[in-house]
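> Let's see this in three dimensions:
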Amino acid sequence: MSNFRHMSLSFMSGIVFGTGFILMFLYYQNSSSTGFWRNLPVSVEKTDKKYDKPSKYDGKSNIHYSTNRNTSRHLLANHSDYHHYSAEDDNRTAKQLYRRVRVLCWIMTSPATLLSKAIHVRDTWSKRCNVRLFMSSVENKTFPAVGLPVREGRSQLYEKTKEAYKYIWKHYKDQADWFLKADDDTYLVAENLRFLLKDYDPQRPLHFGRRFKLFVKQGYMSGGAGYVLSKEALERYVHGLDTKKCPKGGAIEDVEIGKCLEIVGVEAGDSRDQKQKDTFHPVNMKFHLKPEPIPQGNFMINYDYYPSCRGIECSSIYPISFHKVTPDEMYVYEYMIYHAKVYGVAHTHPKT
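Here you go, the predicted model:
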């Protein structure tokens, strides 16, 4: 009798334990990807392709893939997914403008700053360009960066700009309507750039940016704040270089391209918003938004084409760019612009 009781208790304990284990297994199996099961190895279908074409400036077209920090691959040319928006956001207007106003962004970088600065541009705002290219003097296939036939140094910035735009015209002219240049310490809001450009015809010879008034009759655009050329403007610029209609130029990149664009009949556009507030900013956010007068001797006082001021009331609610942004600040901008929200406040936007 004692043995029978012992066997019965063991049998019942086994049933209880086994049932509990099965229920726990089913619970975790059907739960979201959190907890213990997330860390187990799973089989993932490999869908990325490898391309052998070089990104060296050798006259051959190329499509770039880049491995980011979590080893997933994403296409740098013709990048068109919208995973960077929150699922609950209504991004229909942004998607429409993405398809309608195609922007190629090329970022001026160098071997010395590729992994200290450009990588943070790659991982933040440049994802929202239709096409993005990183231009250096040395090819980097894994980043990737295009190697242009130039030397590095401030005195070579205009040479790099010329070669970059010639490369883009040869290989990417049909993949975008507007062509933006930015530095690897520039932060840009691509959606607001498209909002500015949406009513302009890319077949008109136009360029936009932070307009400065010295050295060029119609003004020129700040290189640090970034500037964007229409397709017609880019064609005229490259033709001006090829025919030597434009002089070879000096070392100051933004001044020299401004001179050439004026020679070939490209108009300098007004990038301010409807309230005449600035959208392109040649310094970072903390400088432009601080409610103090611009310090005496600051370059903006002498350079700005339009009246200069400083403070929140001077900047557009649809800012396009900021310059001299540190790597750490890139992620602050990214979070505050695309992720942070104010509870109880719904924003309205003009109709497109």
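
> Glu256: what's it in contact with?
When contacts are counted by Cβ atoms under 8 Å, 6 or more residues apart in numbering, Glu256 is found next to Tyr158, Thr161, Gly249, Gly250. The way it works is simple: take the backbone N, C-alpha and C, and place the C-beta from them, glycine included.

> burial count for the second one?
Summarising burial for Thr161: neighbours were counted as other Cβ atoms under 10 Å, giving 23.

> That one looks like it's in a helix, true?
Yes: using DSSP: H, G, I helix; E, B strand; the rest coil, the secondary structure at Thr161 is a helix.

> As a markdown table, the contacts of Glu256 with distance to Leu115, pLDDT and secondary structure would be great.
Written out in a markdown table, the entries for those read as follows (distance: Cβ to Cβ, whole Å; pLDDT from 0 to 100; DSSP: H, G, I helix; E, B strand; the rest coil):
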| residue | distance to Leu115 | pLDDT | secondary structure |
| --- | --- | --- | --- |
| Tyr158 | 25 | 95 | helix |
| Thr161 | 22 | 96 | helix |
| Gly249 | 30 | 81 | coil |
| Gly250 | 30 | 85 | coil |
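
> Now the two most distant members of those.
Thr161 and Gly250 (12.0 Å; Cβ to Cβ).

> which of the contacts of Glu256 lies closest to Thr93?
The shortest distance between Thr93 and any of the contacts of Glu256, using Cβ to Cβ, involves Thr161 and amounts to 32.5 Å.

> where does this protein dip in pLDDT?
When the per-residue scores of the chain are filtered using pLDDT under 70, the ranges that remain are 1-88, 352.

> Now do the contacts for the residue nearest the centre of it.
When Cα atoms, centre = their mean is applied to the chain, the residue found nearest the centroid is Ser126 (1.8 Å). Neighbouring residues of Ser126 by Cβ under 8 Å, 6+ apart: Cys105, Ile107, Arg132, Leu188.

> ok, Phe134 touching Phe143?
Yes: under the criterion of Cβ atoms under 8 Å, Phe134 lies in contact with Phe143, with a separation of 6.5 Å.

> Who has more neighbours out of the two?
Under the neighbour definition other Cβ under 10 Å, Phe134 and Phe143 were set side by side, and Phe134 has more, 26 against 21.

> And the strands in the stretch 151-300 of the chain, which stretches?
For the stretch 151-300 of the chain, applying DSSP state E, counting those that start in this stretch gives strands covering 178-183, 187-188, 206-209, 211-212, 220-221, 227-230, 267-268.

> Partner strands of the second one and their direction?
When pairs are called by DSSP bridges, strand 187-188 turns out to pair with strand 321-322 (antiparallel).

> Other residues contacting the partner strand?
So strand 321-322 is contacted by 182, 186-189, 193, 210, 225-226, 279-281, 283-285, 288, 333 (Cβ under 8 Å, 6+ apart).
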